[in-house]
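Student: I would like the atomic coordinates for the input below:
(chains A and B)
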Amino acid sequence: MLIEFSRVSKRYPEGHEALRDVSFVIEKGEMVFLTGHSGAGKSTLLRLVTLIEHATSGQVIVNGQNLGRLKRRTIPFYRRQIGMVFQDHKLLHNLSVFDNVALPLIVSGFHPRDLRRRVHAALDKVGLLNRDRAKPITLSGGEQQRVGIARAVVNRPSLLVADEPTGNLDAGLSDEIFDLFHDFNYHGVTVLVATHDLRHIKRLGKRSLTLADGRMNQPTATT
Amino acid sequence: MIVWLTRHLQTLVGSLGDLSRNPFSSILSISVIAIALALPGGMFAALENIHKFTAEFEHGAKISLFLAPEISIKQAEKLQQSLTRHKDIKYIEIITPDQAMEEFKLRSGLKDALESLSDNPLPVVLLAFPEDNVARSPEKLAGLINELGKLEPVELSQFDLEWIKRLTAFLELATRAVWVIAIILGLGVFLVIGNTIRLAVVNRQEEIRIIKLIGGTDAFVRRSFLYSGMLQGLFGGMLALLIIFLLFSFINKPASSLSFMYGISFGLSPLQLLPSLVLVSSGALLGWLSARVTVGVYLRQFEPGKGQY
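Tutor: Below you'll find the predicted structure:
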C-alpha cells in the first residue's frame, strides 16, 4: 500500500480538533476521492500527507516511510516524491509558465540538459506547450490550474495529491482537470483528490473516502 | 560538478537581476555600505601615509647645530673636521648662510620679502648625522645633542625628530581608534545588509513557501539571498575603494607641497593592491555572513505550515 493512516488525530494549537481517530489505506496505483463538507478535515488530511502538518497522535505511513519519524531536513526530499496541486494554483507570478513548471526540477538539482525536454513533455500533457513563455497572470483560471498540474507531475512523482483542484472552475473545465488526473492514474500514478464535487466521483467510478466533522465514515465503494 | 556550477551561476545571475530590478533601493543600500567601509578604509590609508612620511624623516636623522653669528665659514669648517672624528657621528654637512638663504627662499614662499633684506642674517649651520646605533637609541641621542650643544661656537643644538617620536606614539593610538571605528562600522554594514535581506525575505515569503512545498531545501532557498548579500557587500566595497581614491586624488596636491616644505618628496598613495583587496573582500564577506544569519533566523518562520498555508 502507498498511504496508511492508523488512528490519526490532529488537533491544532488553537484547540480545534480537525481529525479524530482516522484510519484508512490507499493502495499503490489507486485513485481515491476524499469528500466531505468544507471544514470536515479534508485539507488537514492532505496537509498531513504532504507534511505541512504533523499528526497529534496516530501513525501516517507513506511509501513505507513513517512521517512522524522523518527529520526536518529530510522533509524536502520526501516532498519531491509527491506532486501537489492546490485550489489557488500557487504559481510564482514573476516567473514564466516554463520556469514555474521547471521549478521542481531546478530545486532537486536536475541536469539542465534534460530539463527543457521534461518541462515541455509536462506542458504538452496539459495542452499548454504553446504558452510556455507566458506569465501565469495572463492565463485563464483553468489554464493556470493546468500549469499547476504540469508542475506537480514534471518530477514524475509516485503520488499526486490535489486539494479542491477545481474549486474555482466551471463544470466543463473541471471535467478536463479530472480527466487529466484520471489519465495520470491510468499511467500508474497514485492519485488522492479532495473535492466536494460528487459528480466526478460518479463519472469516473473511483473509490471515495468521506470525512464528516473530522471522522471518517466507513469507506464506501462506488459503482 | 557541472550541475552544481550551473546552479550557482544561475543563482548569481538571478541575484544580479534582483539587484537591478530595484535599482533605487539597491543603490541606496550599496552607498550606505560604501560610506561605512570607505571611512575606516580611508583612515587606514591616511595612517599608512603618515607612517611612510615619518619613516622618510627617521631615515635622515640629523642634529642641526646653529653656530653663533660671529663664527665664520672657515671656523665652521675647522669644527666640521674635528667633529667628523667623533665616534658617534657618521659625517657632518655644512650649510653656509647663502645656501640656507636660497633654500629658505625656495621653500618658505617668502621669496620677495627675503630679497629685500640687505644682508643675510642666517648663521652657519652644521648638520651632524649620528651613527645608526646612536640614532636608534633615544638616550645616546640625547647625550650627543647635549654634548654638541655645549661646544663653544654652537649656539643651539637641535634635533628635529622629537615631534616625530610624539607623532609615532600618537599614531599608535590613532590606529587603535581606527580599528574600533572599523569594527563599529563593520557591524553597521552587517546590520544594513541584514535589513535589506530581511525585507527581501519577507517580500518573497510566498515564493519561499512554494519552493519548500515542491521540495526545495533550506540551502536552496538560502542560496539566492546569500548571493544577493555578498554582491551588495562586494559592490559596496568597490564603491568604497572608488571613494577613497577620489578623496586622495583631491588632497594629493596640497599634501605633496606640504611635504616638500619639510624637504622630502612624498606623494600620497591611496590603498595598495593588498589592502584594497582586503577592503572589497571584507565587504563581500560581511554581506555573506549577514545574509546567512538573517535568512537563518527568518527561514524557519516561513514553513508551509505556518501562516496561511
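
Student: would you double-check that residue A:34 falls in a helix?
Tutor: No. Looking at residue A:34 with DSSP: H, G, I helix; E, B strand; the rest coil, it is strand, so not inside a helix.

Student: quick check: which ranges of the stretch 51-200 of chain B have low pLDDT?
Tutor: Scanning the stretch 51-200 of chain B for pLDDT under 70 picks out B:55-60, B:136, B:138, B:160-164.

Student: can you give me the helices for it?
Tutor: Taking DSSP state H, counting those that start in this stretch as the criterion, the stretch 51-200 of chain B carries its helices at B:73-84, B:97-108, B:111-115, B:132-136, B:138-149, B:162-203.

Student: now the ones you listed in TSV, with distance to chain A?
Tutor: Glycine gets a C-beta too; all of them are placed from N, C-alpha and C. As requested, these are arranged in TSV below (distance: least, Cβ to the nearest Cβ, whole Å):
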stretch	distance to chain A
helix B:73-84	81
helix B:97-108	67
helix B:111-115	71
helix B:132-136	62
helix B:138-149	64
helix B:162-203	11
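
Student: possible to save those as CSV with mean neighbour count?
Tutor: What follows is those, written out as CSV (neighbours: other Cβ atoms under 10 Å in any protein chain shown):
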stretch, mean neighbour count
helix B:73-84, 15
helix B:97-108, 14
helix B:111-115, 11
helix B:132-136, 15
helix B:138-149, 15
helix B:162-203, 16
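
Student: and of these, who's closest to residue A:109?
Tutor: The closest of those to residue A:109 is helix B:162-203. By Cβ to Cβ, the value is 22.5 Å.

Student: helix B:138-149 and that closest one, what's the angle between them?
Tutor: Counting by axes from the mean of the first three to the mean of the last three Cα atoms, to 10 degrees, helix B:162-203 lies at 140 degrees to helix B:138-149.

Student: buried sites along the helix or strand just after helix B:162-203?
Tutor: Per DSSP states H and E, the first helix or strand lying C-terminal to helix B:162-203 is helix B:205-213. Neighbour counts using 16 or more other Cβ atoms under 10 Å in any protein chain shown place B:207, B:208, B:209, B:210, B:211, B:212, B:213 of helix B:205-213 among the buried residues.

Student: can you check stretch A:117-127 too?
Tutor: The neighbour-count check on stretch A:117-127 (16+ other Cβ under 10 Å) flags A:118, A:119, A:120, A:122, A:123, A:125, A:126 as buried.

Student: sorry, back to before: of all the helices of the stretch 51-200 of chain B, which one is nearest residue A:85?
Tutor: helix B:162-203 (25.6 Å).

Student: which elements pack onto the closest one?
Tutor: Applying 3 or more Cβ pairs under 8 Å, 6 or more residues apart in numbering or on different chains; DSSP states H and E, we find helix B:162-203 packed against helix B:23-59, helix B:218-261, helix B:273-299.

Student: correct me, but residue A:82 touches residue A:50?
Tutor: Yes. Using Cβ atoms under 8 Å, residue A:82 makes contact with residue A:50 at a distance of 6.0 Å.

Student: quick one: which of the two has more around it?
Tutor: residue A:82 (23 against 20; other Cβ atoms under 10 Å in any protein chain shown).

Student: for that one, what are phi and psi?
Tutor: phi -120, psi 130 (degrees, to the nearest 10).

Student: and the gap between it and chain B?
Tutor: 8 Å (Cβ to the nearest Cβ, to the nearest Å).

Student: circling back: quick one: the buried residues of helix B:205-213 as a markdown table, columns for pLDDT and distance to residue B:186 too.
Tutor: Shown next, in a markdown table, are these (pLDDT from 0 to 100; distance: Cβ to Cβ, whole Å):
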| residue | pLDDT | distance to residue B:186 |
| --- | --- | --- |
| B:207 | 86 | 31 |
| B:208 | 87 | 28 |
| B:209 | 88 | 33 |
| B:210 | 90 | 35 |
| B:211 | 90 | 32 |
| B:212 | 90 | 33 |
| B:213 | 91 | 38 |
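
Student: quickly check those residues for the two that are furthest apart.
Tutor: B:207 and B:213 (10.7 Å).

Student: residues in contact with residue B:148?
Tutor: Residue B:148 makes contact with B:63, B:65, B:83, B:128, B:154, B:157 under the criterion Cβ atoms under 8 Å, 6 or more residues apart in numbering or on different chains.

Student: wait, doesn't the fourth one sit right on residue B:61?
Tutor: Just to be clear, that refers to residue B:128. No. If you go by Cβ under 8 Å, residue B:128 and residue B:61 don't touch, sitting 10.0 Å apart.

Student: those two: which has the busier surroundings?
Tutor: residue B:128 (24 against 18).

Student: now do the contacts for the spatially closest residue to residue A:86 that is not a sequence neighbour.
Tutor: Excluding the flanking residues, the one nearest residue A:86 by Cβ to Cβ, 6 or more residues apart in numbering or on different chains is residue A:163, at 5.8 Å. Taking Cβ under 8 Å, 6+ apart, we find residue A:163 in contact with A:42, A:43, A:46, A:84, A:85, A:86, A:87, A:194.

Student: for residue A:163, give the beta-bridge partners.
Tutor: Listed beta-bridge partners, residue A:163: residue A:194 (assigned using DSSP bridges).

Student: let me see the mean pLDDT of the longest helix anywhere in chain A.
Tutor: If you go by DSSP state H, chain A has its longest helix at helix A:171-186. Averaging pLDDT along helix A:171-186 yields 89.

Student: in it, what counts as buried?
Tutor: Buried, per 16+ other Cβ under 10 Å, within helix A:171-186: A:173, A:174, A:175, A:177, A:178, A:180, A:181, A:182, A:184, A:185.

Student: list the contacts of the fourth one.
Tutor: Residues touching residue A:177, when contacts are defined by Cβ under 8 Å, 6+ apart, comprise A:142, A:145, A:146, A:149, A:165, A:166, A:169.

Student: I'd say the fourth one and residue A:85 touch.
Tutor: Which is residue A:149. Yes. The pair residue A:149 / residue A:85 is scored as a contact, 5.6 Å apart, by Cβ under 8 Å.

Student: which residues are in contact with both of these two?
Tutor: Residues touching both residue A:149 and residue A:85 (Cβ under 8 Å, 6+ apart) are residue A:165.

Student: how about the strands in chain A?
Tutor: For chain A, the strands defined by DSSP state E occupy A:3-11, A:17-26, A:31-35, A:57-62, A:65-66, A:82-85, A:159-163, A:190-194, A:207-212, A:215-216.

Student: return a ChimeraX selection command for the buried portion of the contacts of residue A:163.
Tutor: Buried members of the contacts of residue A:163, defined by 16+ other Cβ under 10 Å, are picked up in ChimeraX with:
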select /A:42,43,46,84,85,86,87,194
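
Student: for the nearest residue to residue B:37 once chain neighbours are set aside, give me its contacts.
Tutor: Using Cβ to Cβ, 6+ apart and skipping the chain neighbours, the partner closest in space to residue B:37 is residue B:240 (3.7 Å). The neighbours of residue B:240, taking Cβ under 8 Å, 6+ apart as the test, are B:33, B:34, B:35, B:36, B:37, B:38, B:41, B:279, B:280, B:283.
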